[in-house]
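Enquirer: this one's sequence-less:
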């Protein structure tokens, strides 16, 4: 229970820090959000409307309050999911844009990243169990090499070779232009087809890390006496591998899940960009280049909260898997 | 980011003498050990090879042709243009070898900055303990879960100023956290050694113990952490440039990839314009990963090819 309270305090602190950071960042930096909106206008348009800057400032909430007041206002806005108006998607609200793009990212990253974890730890387990065997000497260097390629490069390779040359799967956008998004089979099958290649990139880019990590921990676990004991008892090999060695070895990789997720969330931005996938990462990149302050602020907050949520979920998984945590 | 667990076992310490005083011309024993390890050797060879190419780049390619436009556009690799040319007629080979300078230098300096921060904070936290440790550890674990790339995108976008210095400072100050965590854990195992206690009893100041005793004795662990951050820095830095947040007028691997996507070379089938810069990143990172794996094996005998009891048991029974 004490452990749980400590973790809870940490989450509260982390979320608060994410909020404060997203609040302070635009204010610490040179430039201001109105500039992003004015970029869309020609100089003559601005000259013709002398009041336009003041109007836009008012529209975007202005920057005239003192920092503490603005901070309280910001926290209140966040609670109501009111992040203002996206200047690059004017006049859409930021919350609309986020709501439209985030589900794609969550589905893509969520599925692909869990797949990468499962595949990576499975390969690592078997590689360690039969160390030096054919499986170990082939798959470990393979995943090591694939993991050394940055996600954006793997993505470019796959777009070119699998998408363009072989033409097996679509490689641009999240669904065909002739279907409308909705809960019907046409859209879902189109979305799955478009998701296969981006997901493959994420799996290839992130499985390697898990393979190495799991293999290292597993080799150490295999040396433990209880594993030798289980073998001496004559238990089935598969049972010793999974129930005795792997179950204990999975804890360190599992604890690395959340921080890894934090980096994967970043890597997804690259993957989405290469595939023109309309997710939150692609939107963040567009917003950042387009000086869309309200949208970048909201998306950064989303990106900061995701790993915290992932961390909470791994803590819950730890509770189930590790009896030591329950008693602490 | 790597999953490699950096757990180094240095040579056993003789109780009262800090081995650090024996620095100098003598090559540290762990480097010799690393060179004896096949993975470490291959990795070092790759990294040094790429670094050498970067150093001698003006001799093997014309730096101007890396960024200057020419009329020889979209040429597939030929003898004259080893790696082909881009949409703007820049020579890809020149871009790769000249760009190596900028990419490697940025990655190296980022790693230097991050390692400096991480070593100072992590080791101080472990040695001083108490509230200092609590505060540093809390900050570390929070920075740890904030996703680096989105944060960097925001910061570099808001800064409106794109150059190498900005890139180094911004990346360095955001990726030190996990390294600090690793080093803190390793400093904890050292802090109760006799030579640290001896230094403490003899009245050495905290700073002197952290920088003069703990840090020199953790140099191999810090080196391993440095390698880890080095390759992460290369990937992140090239990634930011790939997103168009770098200085896209200068040659570097990330910038080459950026222009390849902006000019949609991929969709037009010009594979050479992204394959070679990407491979350069991949090979460098692979080299650094191998160095790390080598360090790992040197320090953890169980990972080496030495047959363990279980392996012998298995061999007798045949593969399970």
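Expert: Received, thanks. Computed from a prediction, not measured in an experiment: that's the story for all the values here. Numbering: from 1, shown residues only, chains lettered A, B, ... in the order given.

Enquirer: quick one, phi psi at residue A:132?
Expert: As for residue A:132, its main-chain torsions (degrees, to the nearest 10) stand at phi 80, psi -10.

Enquirer: What is the neighbour count of it?
Expert: 13 (other C-beta atoms under 10 Å in any protein chain shown). In this view, the C-beta of every residue, glycine as well, is placed from N, C-alpha and C.

Enquirer: now do residue A:21
Expert: Residue A:21 has 18 neighbours, counted by other C-beta under 10 Å.

Enquirer: residues contacting it?
Expert: Counting by C-beta atoms under 8 Å, 6 or more residues apart in numbering or on different chains, residue A:21 makes contact with A:300, A:304, B:146, B:151.

Enquirer: need the longest helix for chain B.
Expert: Secondary structure of chain B read by DSSP state H shows that its longest helix is helix B:92-128.

Enquirer: and the helix or strand following that helix, what does it pack onto?
Expert: Going down the chain from helix B:92-128, the next helix or strand is helix B:130-145, by DSSP states H and E. Applying 3 or more C-beta pairs under 8 Å, 6 or more residues apart in numbering or on different chains; DSSP states H and E, we find helix B:130-145 packed against helix A:2-28, helix A:257-274, helix A:293-321, helix B:92-128, helix B:177-190.

Enquirer: what packs against the next helix-or-strand element following helix B:130-145?
Expert: Remark: after helix B:130-145, the chain's next helix or strand is helix B:148-159, criterion DSSP H and E. In terms of contacts (3+ C-beta pairs under 8 Å, 6+ apart), helix B:148-159 is packed against helix A:2-28, helix A:257-274, helix A:280-289, helix A:293-321, helix B:164-174, helix B:219-242.

Enquirer: can you put those helices in JSON lines and add mean pLDDT?
Expert: Converted to JSON lines, the helices and strands packed on helix B:148-159 look like this (pLDDT from 0 to 100):
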{"stretch": "helix A:2-28", "mean pLDDT": "83"}
{"stretch": "helix A:257-274", "mean pLDDT": "80"}
{"stretch": "helix A:280-289", "mean pLDDT": "85"}
{"stretch": "helix A:293-321", "mean pLDDT": "84"}
{"stretch": "helix B:164-174", "mean pLDDT": "85"}
{"stretch": "helix B:219-242", "mean pLDDT": "88"}
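
Enquirer: number of nearby residues for residue B:275?
Expert: Counted with other C-beta under 10 Å, residues neighbouring residue B:275 total 20.

Enquirer: wait, isn't residue A:210 in contact with residue A:113?
Expert: No. Contact criterion C-beta atoms under 8 Å: residue A:210 and residue A:113 do not qualify, at 10.2 Å.

Enquirer: How about the most centrally placed residue in chain A, nearest residue that isn't a chain neighbour?
Expert: Central residue of chain A (C-alpha atoms, centre = their mean): residue A:265, 2.3 Å from the mean position. Spatial nearest neighbour of residue A:265, chain neighbours left out: residue B:147 (4.7 Å); criterion: C-beta to C-beta, 6 or more residues apart in numbering or on different chains.

Enquirer: Ok, residue B:186 next?
Expert: Leaving out its chain neighbours, the residue that sits closest to residue B:186 by C-beta to C-beta, 6+ apart is residue B:221, at 5.0 Å.

Enquirer: do you know how far that neighbour is from residue B:242?
Expert: Distance, residue B:221 to residue B:242, by C-beta to C-beta, to the nearest Å: 32 Å.

Enquirer: Neighbour count: these two, which is higher?
Expert: residue B:242 (30 against 26).

Enquirer: what sits against that one?
Expert: Residues in contact with residue B:242 (C-beta under 8 Å, 6+ apart) are A:152, A:270, A:273, B:254, B:257-258, B:261.

Enquirer: do residue B:181 as well
Expert: Residues in contact with residue B:181 (C-beta under 8 Å, 6+ apart) are B:122, B:137, B:140-141, B:144.

Enquirer: quick one: it and residue A:321, what's the gap?
Expert: 22 Å.

Enquirer: got it, and residue B:299?
Expert: Here residue B:299 is placed at a distance of 28 Å from residue A:321 (C-beta to C-beta).

Enquirer: The two: who's more crowded?
Expert: Neighbours were counted for residue B:299 and for residue A:321 using other C-beta under 10 Å; residue B:299 has more, 21 against 15.

Enquirer: Let me have the contacts of residue B:242 in CSV, extended by distance to residue B:294 and neighbour count.
Expert: Below are those laid out as CSV (distance: C-beta to C-beta, whole Å; neighbours: other C-beta atoms under 10 Å in any protein chain shown):
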residue, distance to residue B:294, neighbour count
A:152, 27, 28
A:270, 29, 28
A:273, 34, 22
B:254, 27, 30
B:257, 29, 30
B:258, 33, 23
B:261, 34, 21
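
Enquirer: Reformat those residues as TSV; add secondary structure and distance to residue B:112.
Expert: Shown next, in TSV, are those (DSSP: H, G, I helix; E, B strand; the rest coil; distance: C-beta to C-beta, whole Å):
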residue	secondary structure	distance to residue B:112
A:152	helix	25
A:270	helix	25
A:273	helix	29
B:254	helix	19
B:257	helix	24
B:258	helix	25
B:261	helix	30
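
Enquirer: and the residue in the stretch 101-250 of chain A positioned nearest to chain B, how far is that from residue A:120?
Expert: The nearest approach of the stretch 101-250 of chain A to chain B comes at residue A:213, 3.2 Å away (C-beta to the nearest C-beta). Distance of residue A:213 to residue A:120, computed by C-beta to C-beta: 8 Å.

Enquirer: Pretty sure the residue nearest to the centre of chain A sits against residue B:146.
Expert: No. At 10.2 Å, residue A:265 does not count as touching residue B:146 under the criterion of C-beta under 8 Å.

Enquirer: Now do the shared contacts for those two.
Expert: By C-beta under 8 Å, 6+ apart, residue A:265 and residue B:146 have these common neighbours: residue A:307.

Enquirer: tally of neighbours for residue A:276?
Expert: Neighbourhood size, residue A:276 [other C-beta under 10 Å]: 12.

Enquirer: Secondary structure class of it, three-state.
Expert: Here residue A:276 is recorded as coil under DSSP: H, G, I helix; E, B strand; the rest coil.

Enquirer: Surely it and residue A:172 touch.
Expert: Yes. Judged on C-beta under 8 Å, residue A:276 makes contact with residue A:172 at a distance of 4.9 Å.

Enquirer: Find the closest residue to chain B in chain A.
Expert: residue A:266 (2.7 Å).

Enquirer: Give the closest residue to that residue in space, chain neighbours not counted.
Expert: Among residues not flanking residue A:266 along the chain, residue B:149 sits closest, at 2.7 Å (C-beta to C-beta, 6+ apart).

Enquirer: give the contact list for the one you found.
Expert: Residue B:149 is in contact with A:263, A:265-267, A:269-270, B:236, B:239-240, counting by C-beta under 8 Å, 6+ apart.

Enquirer: again, only using 10 Å
Expert: The contact partners of residue B:149, by C-beta atoms under 10 Å, 6 or more residues apart in numbering or on different chains, come to A:262-270, A:281, A:284-285, A:303, B:171, B:174, B:235-236, B:239-240, B:243.

Enquirer: And it, how close does it get to residue B:104?
Expert: For residue B:149, the distance to residue B:104 - C-beta to C-beta - is 20 Å.

Enquirer: swap in residue A:252?
Expert: From residue A:252 to residue B:104 the distance is 32 Å (C-beta to C-beta).

Enquirer: Repeat that for residue B:278.
Expert: Look at residue B:278 and residue B:104: by C-beta to C-beta, they are 16 Å apart.

Enquirer: more neighbours, these two?
Expert: Counted by other C-beta under 10 Å, residue B:278 and residue B:104 do not tie: residue B:278 has more neighbours, with 26 against 23.

Enquirer: so what does the helix or strand hosting that one touch, helix or strand wise?
Expert: Assessed by DSSP H and E, residue B:278 sits inside helix B:272-299. Contact partners of helix B:272-299 among helices and strands, from 3 or more C-beta pairs under 10 Å, 6 or more residues apart in numbering or on different chains; DSSP states H and E: helix A:134-148, helix A:151-158, helix A:185-222, helix B:29-36, helix B:38-55, helix B:92-128, helix B:219-242, helix B:253-262.
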